[in-house]
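1. Predicted model and sequence follow; I will ask about them next.
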Amino acid sequence: MTQRRASPSEHVETCPSCGSETPHEVGIELRTESERSENRAFSREPYRVAERTRCGETRVRRMNDA
């Protein structure tokens, strides 16, 4: 039997805090890493953001490091 998700961005993942399988809202964000104004346009990197829907804990991972 397949598991139905409430939304396309919701995934069931292991939570490192409690160790159980819980639903997470997952998305990709472009974040600017440089503080210098002349480099800001060239310093954006994709980050995977996973927020646990039960407690709101958020984990962020730089995708180029994955």
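-> Perfect, I can see it now. Residues are numbered from 1 along each chain as shown.
2. Could you list the alpha-carbon positions for stretch 25-39 in CSV?
-> Coordinates of each C-alpha in stretch 25-39 appear next as CSV, following Å, rounded to 0.1, in the frame of the first residue of the first chain:
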residue,chain,number,x,y,z
GLU,A,25,7.9,19.9,4.9
VAL,A,26,10.8,20.1,2.4
GLY,A,27,11.9,22.8,0.0
ILE,A,28,14.9,24.4,-1.8
GLU,A,29,16.0,27.9,-1.1
LEU,A,30,18.7,30.0,-2.8
ARG,A,31,20.7,31.7,-0.1
THR,A,32,23.3,34.4,-0.5
GLU,A,33,26.6,33.5,1.2
SER,A,34,28.7,36.6,0.6
GLU,A,35,28.3,39.7,2.7
ARG,A,36,30.1,41.9,0.2
SER,A,37,27.6,43.8,-2.0
GLU,A,38,29.7,43.4,-5.2
ASN,A,39,29.7,39.6,-4.9
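3. Listing partners with orientation, what would you give for the longest strand belonging to the chain?
-> In the chain, assigned by DSSP state E, the strand with the most residues is strand 21-32. Strand pairing for strand 21-32, determined by DSSP bridges: strand 10-14 (antiparallel), strand 44-52 (antiparallel).
4. can you give me the mean pLDDT across the first one?
-> Averaged across strand 10-14, the pLDDT comes to 83.
5. any idea how far it is from the chain center?
-> With C-alpha atoms, centre = their mean, to the nearest Å as the basis, strand 10-14 stands 11 Å off its chain's centre.
6. same thing with the last one?
-> Here the centre of mass of C-alpha atoms in strand 44-52, compared against the chain's by C-alpha atoms, centre = their mean, lies 3 Å away.
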